[in-house]
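Engineer: got a sequence here, can you model it:
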Amino acid sequence: MLTDAMVLINVLASIGLIVLVLLHSGKGGGLSDMLGGSLGSVASGSTAVEKNLDRITIVCLTLFAFTTIIIALRWS
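Structural biologist: Numbers count the residues shown, from 1 in each chain. The predicted structure follows:
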């Protein structure tokens, strides 16, 4: 039962990670420019939206990594 919950958390974290990475702005700008505005990122380096997006992505990545390790150890 614990493994089923871990697999569900892992799948949700992976989907969230895909969405969050796609929201990040690349070299030519991205979807985060629509949310934070491109003028603010040019003037100040990075906007609060981009900083929060980075933090959420790191949390989601950590959750994904830990659940992947737990699942791998349970099944071995």
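Engineer: contacts and neighbour counts: CA atoms only from here.
Structural biologist: Noted.
Engineer: so Trp75 versus Thr3, what's the distance?
Structural biologist: Note on Trp75: its distance to Thr3, by CA to CA, to the nearest Å, is 9 Å.
Engineer: more neighbours, the two?
Structural biologist: Neighbours were counted for Trp75 and for Thr3 using other CA atoms under 10 Å; Thr3 has more, 14 against 7.
Engineer: how about the more buried one, what does it touch?
Structural biologist: Residues counted as contacts of Thr3 (CA atoms under 8 Å, 6 or more residues apart in numbering) are 71, 74.
Engineer: what pLDDT does it get?
Structural biologist: On the pLDDT scale, Thr3 is placed at 82.
Engineer: next, the buried residues of the helix or strand containing it.
Structural biologist: Secondary structure assignment for Thr3, by DSSP states H and E: helix 2-23. Applying a neighbour-count criterion of 16 or more other CA atoms under 10 Å, the buried positions in helix 2-23 are 6-7, 9-10, 13-14, 16-17, 20, 23.
Engineer: which among those gets closest to Thr62?
Structural biologist: For the buried residues of helix 2-23, the residue nearest Thr62 by CA to CA is Ala13; the value is 9.2 Å.
Engineer: hang on, the earlier thing: check pLDDT for the buried residues of helix 2-23 and point me to the minimum.
Structural biologist: Where pLDDT dips furthest among the buried residues of helix 2-23: Leu23, at 89.
Engineer: how near is Met1 to Phe66?
Structural biologist: Using CA to CA, Met1 is found at 17 Å from Phe66.
Engineer: between those two, who's got more neighbours?
Structural biologist: A count of neighbours by other CA under 10 Å puts Phe66 above the other of Met1 and Phe66, at 13 against 5.
Engineer: what angle do whichever strand or helix holds the more buried one and helix 2-23 make?
Structural biologist: Assigned by DSSP H and E, Phe66 belongs to helix 48-75. Computed with axes from the mean of the first three to the mean of the last three CA atoms, to 10 degrees, the direction of helix 48-75 lies at 150 degrees from that of helix 2-23.
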